[in-house]
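>>> Next comes the sequence, and after it the predicted model I'd like to discuss.
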Amino acid sequence: MNTSNDVAVFLQLQGEHLHPISRELAMAAQSLVQAHGFRAYGICLTAAWNDRLRQELQEVGLHGIAVYQHPDFRSFDAQQYRQAVQHALQKRLPGTFLVGATLEGRALAPLVAAHFQTGVTADCTQLSLSPEGELTQTRPAFGGNVMAQIVTPQARPQIATVRYGVLQVPPVNQNQTEFEFPDFAPTYRALQIKTRLTAQDGAQDDPRRVLAIGGALRAQEDIASIQTLCAQYDMVLRCSRSLVERGWMSQNLQIGLSGHSIQPDLLLTMGISGSVQFLAGVQQAKRIVAVNTDAQAPIMRVAQLPLIADLYALLPLLLK
Amino acid sequence: MKIAVCIKQVPAGQQTIMDPEKGVLVRIAAESMLNPYDGYAIEAALQIAARTGGEVTAISMGPASAQAVLREALAMGVQQAALLCDSAFAGADVYATAFTLAAGMQTLGGFDAVVCGQQTTDGDTAQVPYSLAAQLDVPAIGWVTEIASADAMGFALRQEITGGEQMVSGTWPAVIAVSRDCCQMRMPTLMSRLQAQQKAIQTLSLSDMPLPQGKYYGLSGSPTRVKKIFAPDTRYLAQPVAGTPAEIARLMQLELQQEVAP
């Protein structure tokens, strides 16, 4: 297969707008190609193409965007989406394809990858592109508190998914975007889908001050005091994976690679050791204050203010 | 109707180490468990079987110790169990894992429905069900939170999407990946566990596969490679602060009050 070293990005829409992860990824793609003079372009599927959307996509500044318009794209049918994306990738043969790790992206990426007999590295925390177009995909390794660098030596495209708020993306040059409108209609018709959008829950927004608690919590009843503390200091409560696994807190409050990534101005962690998966979700936090009885806990290395203390000794003193 | 449920044995807690040379997981056999999501997949498969008059086969790709999770599936009530076990299968990434599962399913005669847990607690990527569906050339419906209906012809499934949900209807064959809230998991009884001990677990190795060449499986059959494993930076950003609880609490109050408007 004669591939280029270009980077393609799936531009997912949320309602009528570009999903924030897609904007982040488009900028990441531009940042990757800039150094080597490759091109970054987008693939967008929409049921309703209009000038407002064109304007929004233009502002991202990619070299080009392939727009696939069809009424069927109003609902997310992974099988139809993959047909369109495969059509786009087959036309251009980019070396790399980036997809936001939303529920939809996490379905789309492995389906498309199987078609090309290539790999997907999910939830990357870092990406880099060599002059030869080899994508190094970094993410926490499975088990153990270590990081892995993964490559796709032969198969193309190299596919990676990235969660919102994880990558640090520097400012990039804007390009004059060339739009194209491939003549394509999805043929997959086997599923009937009825979509219902519900109200967003609070955890989707962007909290500025966060208190996150973790495995050192001894009882579910103790969460109440922590909530009082949050109210007192105007913070929102989040948690690490341990408390979700125990069933004490809801998954949508989980911070970390398989939960939410946050970029707060202030993050206070109490009783969290700081696995690589957790830290991946907070690598953009501006200031971290960590409370842990263990000075060697990984979180203590990345906190601007690491405090060696037992949260249970502190709680009565902090609560008014 | 034939239903397959794909299950995996995962470490309980942090019980794996990395082989830095090969970049693959070395599993420590003690302290293993059934992937929590798979318990729900087994339950979902059994519920579909009850509604369709079908039979469930639990399939796992893993080392010999993975028989333990297949016994759990048998104890929950699946009719058959098969272990895909061969050194050639080791070190597989998502694509190669799905390839192996698909191959095993072909050897076992094919299935109308395949149920998977959405993700594993060790791999966590949630990709295998989709790769499997694509390689089986059937639709994939993931993030399933409810099996609204199922009969011998097809299904209606509630699926989570960004900002809402979808009701997806279709006909078998299909691969479905279920979330933990899709159903209430039944607990095996002592009697069912004892009965499960007596049941045979079929073991399939490389030579049992339709394409019995090692290059399609495991590390060789994986499009991705781990280039390097490294520990995160161990340097401290700041010196950890020790003190009495009162001193630490005071420092925290100063921090937390900094930005709170009066």
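Cool, got the structure. In this text, all values refer to a predicted model and were calculated from it rather than measured experimentally.

>>> Correct me if wrong, but A:C44 is in a strand.
Yes - per DSSP: H, G, I helix; E, B strand; the rest coil, A:C44 lies within a strand segment.

>>> and it, how many neighbours?
Other residues lying near A:C44 total 23 when counted by other Cβ atoms under 10 Å in any protein chain shown. C-beta coordinates here come from the backbone N, C-alpha and C atoms, glycine included.

>>> show me the contacts for it.
A:11, A:13, A:57, A:65-68 (Cβ atoms under 8 Å, 6 or more residues apart in numbering or on different chains).

>>> now, the most widely separated pair of these?
A:L13 and A:A66 (14.0 Å; Cβ to Cβ).

>>> and those two? which has more neighbours close in?
A:A66 (24 against 19).

>>> Now do that one, the pLDDT please.
A:A66 carries a pLDDT value of 97.

>>> Dig out what it forms beta bridges with.
Taking DSSP bridges, one obtains A:I43, A:E180 as the residues bridged to A:A66.

>>> before we move on, what about B:Q202?
B:A82.

>>> Give the helix, strand or coil label for the closest residue to A:S31 other than its chain neighbours.
The spatially closest residue to A:S31, leaving aside those adjacent along the chain, is A:V172, at 5.2 Å (Cβ to Cβ, 6 or more residues apart in numbering or on different chains). Here A:V172 is recorded as coil under three-state DSSP.

>>> tell me, how many neighbours does A:V172 end up with?
19.

>>> That one contacts A:A35, correct?
No - counting by Cβ atoms under 8 Å, A:V172 does not reach A:A35; the two are 10.9 Å apart.

>>> Can you list phi and psi of B:F230 for me?
phi -140, psi 150 (degrees, to the nearest 10).

>>> before we move on, what SS does A:T269 have?
For A:T269, the assignment made with three-state DSSP gives strand.

>>> what's the neighbour count on it?
A:T269 has 31 nearby residues by other Cβ under 10 Å.

>>> Now do the residue nearest to A:D123 when sequence neighbours are not counted against B:A73, distance only.
The shortest distance from A:D123 to any non-neighbouring residue, by Cβ to Cβ, 6+ apart, is to A:L257 (5.1 Å). From A:L257 across to B:A73, the span is 29 Å (Cβ to Cβ, to the nearest Å).

>>> For the stretch 1-150 of chain B, which segments are assigned as helices?
Here the stretch 1-150 of chain B has its helices, by DSSP state H, counting those that start in this stretch, at B:36-52, B:67-76, B:94-107, B:128-136.

>>> Which one of those helices lies nearest to A:Y188?
Closest among these, using Cβ to Cβ: helix B:128-136, at 12.3 Å.

>>> quick check, the closest one touching chain A?
Yes - with Cβ under 8 Å from any Cβ of the partner chain as the criterion, chain A is reached by helix B:128-136 at B:128, B:130-131, B:133-135.

>>> ok, now stretch B:109-117?
No - Stretch B:109-117 is not in contact with chain A by Cβ under 8 Å from any Cβ; minimum separation 12.1 Å.

>>> Mind listing residues that contact that stretch?
B:1-8, B:35-42, B:44-45, B:48, B:54, B:57, B:105, B:128-129, B:132-133, B:136, B:138, B:155, B:172-178.

>>> Among those, name the buried ones.
B:1-8, B:35-42, B:44-45, B:48, B:54, B:57, B:105, B:128-129, B:132-133, B:136, B:138, B:155, B:172-178 (16 or more other Cβ atoms under 10 Å in any protein chain shown).

>>> Surely A:A114 touches B:L136?
No - when contacts are counted by Cβ under 8 Å, A:A114 is not listed as touching B:L136 (9.7 Å).

>>> Export the residues of helix B:128-136 next to chain A as TSV, with columns for pLDDT.
Formatted as TSV, the residues of helix B:128-136 next to chain A follow (pLDDT from 0 to 100):
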residue	pLDDT
B:V128	96
B:Y130	97
B:S131	97
B:A133	98
B:A134	98
B:Q135	98
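
>>> Which one of those residues is nearest to B:T224?
B:S131 (11.9 Å).

>>> Test my guess that that closest one contacts B:D93.
No - when contacts are counted by Cβ under 8 Å, B:S131 is not listed as touching B:D93 (9.5 Å).

>>> Name the residues that touch stretch A:72-90?
By Cβ under 8 Å, 6+ apart, stretch A:72-90 touches A:8, A:10, A:43, A:45-48, A:66, A:68, A:70, A:97, A:104, A:107-108, A:111-112, A:115-116, A:157, A:182, A:184-188, A:190-191, A:193-195, B:130, B:134, B:139-142, B:161, B:166.
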